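Colleague: missing the sequence, but the structure's below:
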């Protein structure tokens with residue numbers, strides 16, 4: 001990250017900084033509004049799974065991580081046990097803790113503010129913040145994305161939950177696919193290396209392959225095993241490669 005410039009840059013620097021801030025705000029609002037509207041789909045899906053309007057709104061207010069929320073209500077709607085549904089949602093939400101480790105360094109917020117900022121550490125705010133070149137723009141991007149998304153997500157959740165009866169069968173509309181689709185759209189650009197692609201592919205195979213034979217919510221938990229399995233296989237492959245290289249080097253010295 002580049003260092004912030006000191007004072008005395010003059011009017012030109014101020015204008016340039018203002019344009020940069022405006023660009024960050026525009027990008028952050030674009031993400032916040034686009035993703036926030038999918039809260040309507042969550043509200044409808046949650047109400048269709050049997051949760052009350054109050055329970056649905058409480059999930060968005062307190063949990064506020066779309067992938068986990070959709071996983072929870074999707075498992076419940078599919079007849080899964082509350083434990084399996086909650087466990088699947090929890091494992092999906094663990095990634096936010098790793099986001100927080102990185103964002104805490106970039107944001108460098110006062111200690112008193114950190115617990116409140118932690119509520120907004122999600123895929124979208126992390127993606128916008130990591131794309132910024134300076135601490136100032138990181139803070140602006142994180143704050144604008146988090147605020148706009150939190151407000152809009154909760155408003156549309158309420159509207160979706162209230163309008164669920166008018167919509168009828170949510171499965172007909174396919175609204176339950178909105179959350180996973182947004183999550184995949186954000187995740188796809190981050191899968192760059194061969195190992196990451198192997199992990200993603202194995203997780204998809206496990207999740208979809210076990211969907212017909214395991215209770216709802218459990219395939220998500222099993223799919224999480226893709227990471228350690230792929231890392232173990234990659235470690236063994238590297239070990240064999242290094243062993244062969246060392247043996248060849250030893251033979252050349254003879």
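Modeller: That came through, no problem. It should be emphasised that the depicted structure is a prediction, and the values quoted were computed from it without experimental measurement.
Colleague: where's the residue most central in space within the chain relative to residue 31, distance?
Modeller: Geometric centre of the chain, nearest residue: residue 123, 3.2 Å, by Cα atoms, centre = their mean. Separation of residue 123 from residue 31 (Cβ to Cβ, to the nearest Å): 10 Å. (C-beta placed from N, C-alpha, C; glycine too.)
Colleague: where do the helices sit along the stretch 51-200 of the chain?
Modeller: In the stretch 51-200 of the chain, the helices defined using DSSP state H, counting those that start in this stretch lie at 53-58, 66-77, 82-93, 95-107, 114-118, 123-130, 135-162, 164-167, 170-173, 178-187, 194-210.
Colleague: Tell me which of these is the most buried.
Modeller: helix 66-77 (a mean of 24; mean count of other Cβ atoms under 10 Å).
Colleague: quick one: it to helix 123-130, angle?
Modeller: Interaxial angle, helix 66-77 versus helix 123-130 (axes from the mean of the first three to the mean of the last three Cα atoms, to 10 degrees): 170 degrees.
Colleague: now the angle between helix 135-162 and helix 66-77, please.
Modeller: 20 degrees.
Colleague: what's helix 66-77 packed up against?
Modeller: Helix 66-77 is packed against helix 39-48, helix 82-93, helix 178-187, with contacts defined by 3 or more Cβ pairs under 8 Å, 6 or more residues apart in numbering; DSSP states H and E.
Colleague: Could you pull up phi and psi at residue 50?
Modeller: Residue 50 has phi and psi values of phi 110, psi 0 when expressed as degrees, to the nearest 10.
Colleague: isn't it right up against residue 77?
Modeller: Yes - contact criterion Cβ atoms under 8 Å: residue 50 and residue 77 qualify, at 7.4 Å.
Colleague: got the helices and strands packed on helix 66-77 as TSV, with distance to residue 166 and mean pLDDT columns?
Modeller: Shown next, in TSV, are the helices and strands packed on helix 66-77 (distance: least, Cβ to Cβ, whole Å; pLDDT from 0 to 100):
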stretch	distance to residue 166	mean pLDDT
helix 39-48	10	88
helix 82-93	26	84
helix 178-187	18	66
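Colleague: Can you pull the domain assignment for this structure?
Modeller: Structural domains assigned to the chain are 13-190, 192-254, following automatic domain parsing.
Colleague: Of these, which shows the lowest average pLDDT?
Modeller: Among the domains of the chain, domain 192-254 carries the lowest mean pLDDT, a mean of 80.
Colleague: What about residue 22, how many residues nearby?
Modeller: For residue 22, the neighbour count with other Cβ atoms under 10 Å is 11.
Colleague: just residue 59 next, same as before
Modeller: Number of residues near residue 59 (other Cβ under 10 Å) recorded here: 23.
Colleague: and stretch 54-66, how far from the chain's centre?
Modeller: Its chain's average C-alpha position is 15 Å from that of stretch 54-66, according to Cα atoms, centre = their mean, to the nearest Å.
Colleague: distance between the ends of that stretch?
Modeller: 17 Å (Cα to Cα, to the nearest Å).
Colleague: what comes into contact with that stretch?
Modeller: The contact list for stretch 54-66 (Cβ atoms under 8 Å, 6 or more residues apart in numbering) reads 35, 38-39, 42-43, 46-47, 51, 69, 72-73, 89, 92-93, 96, 119-120, 122-123, 150, 153-154, 157-158, 160-161, 179, 182-183.
Colleague: please redo it, this time with the cut-off set to 7 Å
Modeller: 38-39, 42-43, 46-47, 69, 93, 96, 119, 122, 150, 153-154, 157-158, 161, 179, 182-183 (Cβ atoms under 7 Å, 6 or more residues apart in numbering).
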